[in-house]
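**Student:** With the input below, show me the fold.
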Amino acid sequence: MKNKILWAIVFAIVLTGCGDLFGPDKEGWKNSQKEEFLNILKRDKYMSICNQNPLYEQVKSSKNSKLMTKLLVAYANNLANSCIDIEKFKALQRKKRDEKIDTYFETYLQEVRPSVIQMKLRAGQTIEQILQPYIPKTPQFKALIQKYKLFKSSDANITKDELKKIRLNIERTKLMKEQLGHYYALINIPEFNVRVIENGKTALKFPVIVGKPNMQTPIFSERMQYVEINPQWNVPDSIMRRSYIDKIKKNPAWVAAKGMELHDKSYDLKSPKVNPASVDWSKYPKDEKGYIPYKLVQVPSLKNGLGRVKFIFPNSHAVYMHDTQGKSLFKRKRRCFSHGCIRLSKPKVLLDYIASNYSNKNLKTVHKWYDSLKTKHLILNKPLYVHTAYYTVYVDESGRVKYFPDVYGFDKSQRLNFAI
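**Tutor:** Residues are numbered from 1 along each chain as shown. Sure thing, here's the model as predicted:
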């Protein structure tokens with residue numbers, strides 16, 4: 001009688017999911033972990049089943065531990081590195097560059113090691129704990145998932161293309177830098193806006209101008225280090241070739257008329273000057289790349305092409321945010337006009353905000369520097385990251401879903417590895 005009662009208790013424990021009292025199975029799974037994972041998969045909480053639906057169907061029917069481990073690794077990988085076909089996307093990017101389109105989209109991929117996941121599983125970590133390192137930190141990840149699931153399960157007035165667009169942008173959040181920082185500037189290229197976000201809240205937002213479709217603003221992340229007040233503009237060799245050499249060949253006096261100087265091998269204004277008319281510009285064809293030993297510099301002035309201030313986050317693309325003389329262009333709805341840098345509609349507002357919140361200089365000193373027309377550098381003493389992003393769908397703080405044009409064609413070239 002006692003044995004029957006004991007076996008009845010054991011059976012009840014197993015049925016109620018308390019079988020963890022007997023430890024994990026040979027694969028390292030406890031019953032509680034299995035139930036937790038199956039619940040995550042049932043809701044596809046992190047939208048990462050993607051191309052693993054056939055395996056999910058096997059796991060759902062068999063609850064086989066080996067298959068479940070395989071699916072957990074695949075789910076973590078889809079969560080960490082997106083369900084976009086990265087290899088096909090990179091191939092299309094190479095094709096665009098062959099067609100003389102300057103394009104760059106950094107994919108911040110993470111290494112997902114099966115041995116690490118297995119170790120954490122055996123150590124008794126929950127599935128949420130195991131997946132935590134791979135969950136995108138941008139608030140857009142959660143916000144877009146909520147909207148996607150709401151629209152898909154309701155009679156919302158939304159097209160299939162719009163739903164697919166939301167799904168693709170969920171995947172883009174997975175490609176962003178793992179740590180965005182608590183304080184950062186987010187430049188959403190299709191929206192033509194920059195936001196300064198602090199602890200998840202928008203502190204500043206205003207319009208920007210981004211790169212032309214053939215001279216695209218690159219998608220990447222870096223930390224802002226300083227602000228240059230009354231900057232000189234060091235014209236990159238690529239822009240020299242593409243935009244200015246023909247003008248100089250036709251009229252060497254154009255250089256001085258634009259407040260520029262030509263220097264020998266250096267952007268330093270103290271380096272030797274060169275007469276533009278003395279250079280054989282035919283050696284530097286427009287359609288080729290490479291080093292040019294003559295450096296074109298626009299000196300600090302009220303007419304400088306960079307305006308009065310630029311914000312530096314050092315990167316290999318020579319891209320930064322800056323003021324501009326072309327204020328009228330901000331009236332345009334579609335603002336792809338730059339050579340790749342980000343032109344700001346409110347540079348002075350951003351300067352004052354950074355001076356007040358991210359430097360040890362007071363506004364009086366900074367304004368004195370600004371009025372002097374001399375080049376000064378405002379060093380940031382607090383981390384502020386800059387992320388250029390490509391959200392063609394964005395959920396604002398009021399919960400509204402906003403759709404934006406695919407100005408660089410990434411909606412077409414970033415293909416999902418599964419069918420919706």
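
**Student:** Longest strand in the chain, by number of residues?
**Tutor:** Assignment by DSSP state E gives strand 201-211 as the longest strand of the chain.

**Student:** Report the distance from it to the chain centre.
**Tutor:** In terms of Cα atoms, centre = their mean, to the nearest Å, the centre of strand 201-211 is found 14 Å from the chain centre.

**Student:** quick one: average pLDDT of the helix or strand following it?
**Tutor:** Next in sequence after strand 201-211, counting helices and strands by DSSP states H and E, comes strand 221-223. Regarding strand 221-223, the rounded mean pLDDT is 98.

**Student:** Kindly report the same for stretch 124-134.
**Tutor:** For stretch 124-134, the per-residue pLDDT averages 98.

**Student:** And it, end to end?
**Tutor:** Distance between the two ends of stretch 124-134: 18 Å, counting by Cα to Cα, to the nearest Å.

**Student:** Count the neighbours of Arg308 for me.
**Tutor:** For Arg308, the tally of surrounding residues (other Cβ atoms under 10 Å) stands at 21. Heads up, the C-betas are built off the backbone N, CA and C, glycines and all.

**Student:** Hmm, it is touching Glu228, no?
**Tutor:** No - applying Cβ atoms under 8 Å, one finds Arg308 not in contact with Glu228, separated by 9.8 Å.

**Student:** related to what we said a few turns ago, how about residues contacting the longest strand of the chain?
**Tutor:** Residues outside strand 201-211 that contact it (Cβ atoms under 8 Å, 6 or more residues apart in numbering) are 102, 187, 189, 192-197, 216-217, 321, 324, 326, 329-330, 335-346, 349-350, 353, 397, 407.

**Student:** Among these, which ones are in strands?
**Tutor:** 187, 193-197, 321, 336-338, 342-344.

**Student:** Most widely separated two among these?
**Tutor:** Ile197 and Phe337 (25.2 Å; Cβ to Cβ).

**Student:** Domain map for this protein?
**Tutor:** Domain assignment for the chain by automatic domain parsing gives 2-83+115-134, 186-389.

**Student:** quick one, the longest strand of the chain and strand 193-198 angle?
**Tutor:** Interaxial angle, strand 201-211 versus strand 193-198 (axes from the mean of the first three to the mean of the last three Cα atoms, to 10 degrees): 150 degrees.

**Student:** In strand 201-211, which residues are buried?
**Tutor:** Lys205, Pro207, Val208, Ile209, Val210, Gly211 (16 or more other Cβ atoms under 10 Å).

**Student:** got JSON lines for those residues, with pLDDT and distance to Thr173 too?
**Tutor:** Output for these, formatted as JSON lines (pLDDT from 0 to 100; distance: Cβ to Cβ, whole Å):
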{"residue": "Lys205", "pLDDT": "97", "distance to Thr173": "19"}
{"residue": "Pro207", "pLDDT": "98", "distance to Thr173": "23"}
{"residue": "Val208", "pLDDT": "98", "distance to Thr173": "21"}
{"residue": "Ile209", "pLDDT": "98", "distance to Thr173": "25"}
{"residue": "Val210", "pLDDT": "98", "distance to Thr173": "20"}
{"residue": "Gly211", "pLDDT": "98", "distance to Thr173": "22"}
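
**Student:** Which pair in the residues you listed has the greatest spatial separation?
**Tutor:** Between any two of the buried residues of strand 201-211 (Cβ to Cβ), the greatest distance is 20.1 Å, for Lys205 and Gly211.

**Student:** mind listing what the closest residue to Asp25 other than its chain neighbours touches?
**Tutor:** Counting by Cβ to Cβ, 6 or more residues apart in numbering, Asp25 lies nearest to Ser65, which is 5.4 Å off, once chain neighbours are set aside. The contact partners of Ser65, by Cβ under 8 Å, 6+ apart, come to Asp25, Lys26, Glu27, Gly28, Trp29, Lys34.

**Student:** repeat that with 10 Å
**Tutor:** For Ser65, the contact set (Cβ atoms under 10 Å, 6 or more residues apart in numbering) comprises Pro24, Asp25, Lys26, Glu27, Gly28, Trp29, Gln33, Lys34, Val59, Leu121.

**Student:** Tell me which residues of the top helix by length along the chain come out buried.
**Tutor:** The longest helix of the chain (DSSP state H) is helix 65-81. Residues 65, 67-81 are the ones in helix 65-81 that count as buried (16+ other Cβ under 10 Å).

**Student:** Now the element after it, going C-ward?
**Tutor:** Heading C-terminal from helix 65-81 (DSSP H and E), you reach helix 86-98.

**Student:** Pull out the buried positions in the following helix or strand past that following helix.
**Tutor:** Later in the chain than helix 86-98, the nearest helix or strand by DSSP H and E is helix 114-122. By neighbour count with 16+ other Cβ under 10 Å, helix 114-122 contains the buried residues Ile117, Gln118, Lys120, Leu121.

**Student:** how big is the angle separating helix 114-122 from helix 65-81?
**Tutor:** 120 degrees.

**Student:** which helices and strands does helix 114-122 pack with?
**Tutor:** helix 65-81, helix 127-131 (3 or more Cβ pairs under 10 Å, 6 or more residues apart in numbering; DSSP states H and E).

**Student:** Can you check which of those gets nearest to Lys160?
**Tutor:** Across these, closest to Lys160 is helix 65-81 (Cβ to Cβ), at 22.1 Å.

**Student:** Run the chain-centre distance for that closest one.
**Tutor:** Using Cα atoms, centre = their mean, the offset of helix 65-81 from its chain centre is 25 Å.

**Student:** can you list the weak-confidence ranges in this protein?
**Tutor:** Scanning the chain for pLDDT under 70 picks out the ranges 1-22.

**Student:** One more pass at 50, please.
**Tutor:** Low-confidence segments of the chain (pLDDT under 50): 5-6, 8-19.

**Student:** before we move on, the earlier item: the longest strand of the chain: partners in the sheet, and parallel or antiparallel?
**Tutor:** Using DSSP bridges, the strands paired with strand 201-211 are strand 193-198 (antiparallel), strand 336-338 (parallel), strand 342-344 (antiparallel).

**Student:** As CSV, the domains of the chain with distance to Gln179 would be great.
**Tutor:** Formatted as CSV, the domains of the chain follow (distance: least, Cβ to Cβ, whole Å):
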stretch, distance to Gln179
domain 2-83+115-134, 11
domain 186-389, 8
